[in-house]
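>>> Got a sequence here, can you build the structure:
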Amino acid sequence: MSIEIRRLGFSYGSTDVLHDITFTAADGDIAAVLGPNGVGKSTLFRCVLGFLAPSEGGILVNGKDMHTLDRRAAAREIAYIPQSCVPSFNYTLLEVVMMGLTNQIGVFDAPRPEHKTAALEAMESLGIAHLAHRESGRVSGGERQLALLARAMVQNARVLVMDEPTANLDCGNSALVMERVSALAGEGFTVIFSTHDPNQAFRYATQVLALQGGGVLAAGRPEEALTSETLTKLYGVGMAVCSVTAAGKSFSVAVVTGGKTQ
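The predicted structure is shown next:
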């Protein structure tokens with residue numbers, strides 16, 4: 001089991017943020033974490049990454065307790081991909097990708113030719129090798145996000161944590177990023193990502209975790225866990241789940257059917 005969260009709880013002082021979270025994602029799973037703002041998604045990810053210590057329960061990644069690993073050892077198990085944004089420093093995309101090698105080379109060592117080769121191979125697998133020497137401020141948001149994904153890949157970690165990976169991206173770039181993520185899952189990577197869009201979960205996720213009030217509202221396969229009733233309760237507006245057929249395939253989609261219910 002790649003990620004196993006066992007009765008996880010976390011508090012900031014006397015403020016209870018997460019309680020009794022239990023969830024698993026196996027090799028090749030794409031797990032979507034949904035919930036309204038402030039429900040604890042980012043706190044959950046910080047616990048999974050080992051940045052925060054749970055107040056109760058625990059997290060295993062590839063069978064290892066994240067809170068017993070130092071930062072370099074943790075980076076060999078799990079990689080973090082933040083939201084795409086306009087960079088403060090205009091590194092080339094190749095330089096951005098090679099930043100993922102910090103767990104493999106010394107602080108004062110220069111990357112070796114094989115490191116550059118590995119970075120270019122990761123970029124090639126995501127279709128952005130031709131942009132290797134393009135400045136990161138001169139590519140699209142989707143291409144920057146793919147560079148961050150390639151940076152995670154060269155860590156050699158098999159578990160990827162993505163915080164709203166398509167936030168601020170247009171429809172085309174969002175699809176580009178998620179199709180690449182789906183392909184990585186097909187190669188055996190485990191992906192856990194947060195999203196505000198249930199349709200993204202229906203389209204790409206194999207597992208979902210819906211959080212409400214710091215606890216689990218629903219978990220399981222999207223078509224089973226994300227019912228109309230669950231989504232209405234989760235977001236506080238009338239929601240319906242429908243089936244549509246396009247290009248010969250059937251898809252579940254969520255639509256808003258009414259105003260606030262709370």
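
>>> The stretch 1-150 of the chain: helices as residue ranges?
Using DSSP state H, counting those that start in this stretch, the helices of the stretch 1-150 of the chain run over 41-48, 71-75, 93-98, 113-125, 141-153.

>>> hmm, who's touching the lowest-mean-pLDDT helix or strand in the chain?
None of the helices or strands of the chain scores lower by mean pLDDT, DSSP states H and E than helix 71-75, at a mean of 86. For helix 71-75, the external contacting residues (CB atoms under 8 Å, 6 or more residues apart in numbering) are 49, 50, 66, 102, 103, 155, 157. C-beta here means a position set from N, CA and C on the backbone, and glycine is covered the same way.

>>> Swap in 7 Å and give it another go.
50, 66, 103, 155, 157 (CB atoms under 7 Å, 6 or more residues apart in numbering).

>>> Which of the residues in it are classified as buried?
Within helix 71-75, the residues scored as buried using 16 or more other CB atoms under 10 Å are 74, 75.

>>> Only alpha carbons, please: show it as CSV.
In CSV, the C-alpha atoms belonging to helix 71-75 read as follows (Å, rounded to 0.1, in the frame of the first residue of the first chain):
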residue,chain,number,x,y,z
ARG,A,71,14.1,15.1,4.9
ARG,A,72,16.4,13.4,2.4
ALA,A,73,14.9,9.9,3.2
ALA,A,74,11.4,11.3,3.0
ALA,A,75,12.1,12.9,-0.4
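
>>> Next one: residue 173 from residue 125, what distance?
Taking CB to CB, to the nearest Å as the measure, residue 173 falls 18 Å from residue 125.

>>> ugh, wrong one, I meant residue 260
Distance of residue 260 to residue 125, computed by CB to CB: 44 Å.

>>> Between these two, which has more neighbouring residues?
Just comparing residue 260 and residue 125: by other CB atoms under 10 Å the higher neighbour count belongs to residue 125, 17 against 8.

>>> Double-check residue 157 against residue 76; I have them as touching.
Yes - Residue 157 lies in contact with residue 76 (CB atoms under 7 Å); the separation is 6.1 Å.

>>> so where's the protein shaky on pLDDT?
Within the chain, the segments meeting pLDDT under 70 span 1, 84-88, 103, 105-109, 262.

>>> run the last query once more with 80
Low-confidence segments of the chain, defined by pLDDT under 80: 1, 83-89, 102-112, 259-262.

>>> Strands of that one, start to end?
3-12, 15-25, 30-34, 56-61, 64-65, 78-81, 159-162, 190-194, 207-212, 215-220, 237-246, 249-260 (DSSP state E).

>>> Please tabulate those strands in JSON lines, including the columns distance to residue 134.
Listed next are the strands of the chain as JSON lines, based on distance: least, CB to CB, whole Å:
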{"stretch": "strand 3-12", "distance to residue 134": "34"}
{"stretch": "strand 15-25", "distance to residue 134": "34"}
{"stretch": "strand 30-34", "distance to residue 134": "28"}
{"stretch": "strand 56-61", "distance to residue 134": "33"}
{"stretch": "strand 64-65", "distance to residue 134": "37"}
{"stretch": "strand 78-81", "distance to residue 134": "19"}
{"stretch": "strand 159-162", "distance to residue 134": "23"}
{"stretch": "strand 190-194", "distance to residue 134": "26"}
{"stretch": "strand 207-212", "distance to residue 134": "35"}
{"stretch": "strand 215-220", "distance to residue 134": "41"}
{"stretch": "strand 237-246", "distance to residue 134": "34"}
{"stretch": "strand 249-260", "distance to residue 134": "34"}
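
>>> Thank you, goodbye.
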